[in-house]
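1. build me a model:
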Amino acid sequence: MIVKEFWHLNTSESEIREHDFQSKEDIIIKSLYSLVSTGTEKIISLGMVPPEIHSSMRVPYMDGNFNMPVKYGYSLVGEVVSGGKEFLGKTVHLMHPHQDIAFVSEQDIMIVPDNIPAKRAVLTSNMETALNGLWDSKISPGDNVLICGFGSIGALTAILMKQIPAVNVFIHEISESRKQIAKSFGFHIFDKEAAFNQFDVAINASGSEDALQICINNTLPGGLVNEMSWYGDRVISLKLGSYFHTGQKIISSQVSNIPLDKLARYNLKRRKKVVFELLKNDIFDKLPFSFVEFDELPKVFHKIRNQTYNDFCTIVKYQ
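-> Numbers count the residues shown, from 1 in each chain. Predicted coordinates:
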């Protein structure tokens, strides 16, 4: 069977490759959508993955390696066209690189509930990141929360946190268009000159060290700063000699593992079931995602690498 796959050839080029794919896996999936998680995939495409975490950063069905070339991606939704009766014809989500047909094991797929459209279900992996961020931040009713960065991760995290009673969510975003998106969802916009700039929890989802500094500088004594960005091999600089010494805590939050305080009760499949419950809310359809044809994906990554990518987030269409 001829399969189309998306590969990063080196730090400046990507392409769609075709080859005759033979597999002994249980399930064949016809891809419907995959999500470009811009922050992570930009780092991958630029070859910025630190060597010491190459093995832990590998995802299911990835080919090649992070020194390039590499086939990468991690949120795909498709229709099962061959496999067991309980899966045949079902829409499923799985971790898989960008590819038009996927050959996978049953254990790696989850059936998407019928009341979640496929194009919304492709948010699943990023919603898992957002849910981990909420769990790690230990938000309580009445908390004032600052979220820096209103891309897909920041937006999903903000929407989840706003659903907790009496939680006030403020957004810091340098993009004027994204500020307007945040306003349309009813979020407060952070103003560094405002009288009120004291938060119980501050979350950085921007990939910017300047934004992380804003989180540190504007969190109350005893408050929590949650760094949800990933910097790859980039070295960042912070000032920790003033505000940080009022007793704040800085933690990191990412998607690969269940938070330790939930690990005895949760596994990855239980977390995904929670995510599917969250995605039944059609509020997520209001996020302004861009849709591109699979064959256009190399052009998208050319923009991402060259700092000319301005879209909120991109969903790849296969049909």
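2. quick one, what contacts residue 282?
-> By C-beta atoms under 8 Å, 6 or more residues apart in numbering, residue 282 lies in contact with residue 120. All C-beta atoms are positioned from the backbone trio N, CA, C, and that covers glycine.
3. with residue 287 instead?
-> Contacts for residue 287 (C-beta under 8 Å, 6+ apart) come out as 152, 155, 181, 312-313.
4. what's the neighbour count on residue 277?
-> If you count neighbours by other C-beta atoms under 10 Å, residue 277 ends up with 11.
5. so who does it touch?
-> Contacts for residue 277 (C-beta under 8 Å, 6+ apart) come out as none.
6. okay, and it sits in which element?
-> Assigning secondary structure by DSSP states H and E places residue 277 in helix 268-278.
7. now do that helix, average pLDDT.
-> Helix 268-278 comes out with an average pLDDT of 96.
8. now do stretch 252-265
-> 90.
9. does residue 6 belong to a helix, a strand or coil?
-> With DSSP: H, G, I helix; E, B strand; the rest coil as the basis, the three-state label of residue 6 is strand.
10. brain fart, residue 265
-> Look at residue 265: counting by three-state DSSP, its state is coil.
11. find the nearest non-adjacent residue to the residue most central in space within the chain, please.
-> Nearest to the mean C-alpha position of the chain, by C-alpha atoms, centre = their mean, lies residue 126 at 3.3 Å. Leaving aside its chain neighbours, residue 126 sits nearest to residue 152 (5.2 Å; criterion: C-beta to C-beta, 6 or more residues apart in numbering).
12. among the contacts of residue 287, name the ones in helices.
-> Counted as lying in helices by DSSP state H, out of the contacts of residue 287, are 152, 155, 181.
13. got a winner among those residues for most neighbours?
-> Highest count within the ones in helices among the contacts of residue 287 by other C-beta under 10 Å belongs to residue 155, 28 neighbours.
14. returning to what we had before: so what's the residue nearest to residue 126 up against?
-> 35, 37-38, 123, 126, 287, 289, 312-313.
15. the helices in this protein, which residues?
-> Taking DSSP H as the criterion, the chain carries its helices at 38-45, 54-57, 118-121, 124-137, 152-162, 176-184, 209-217, 268-278, 297-305.
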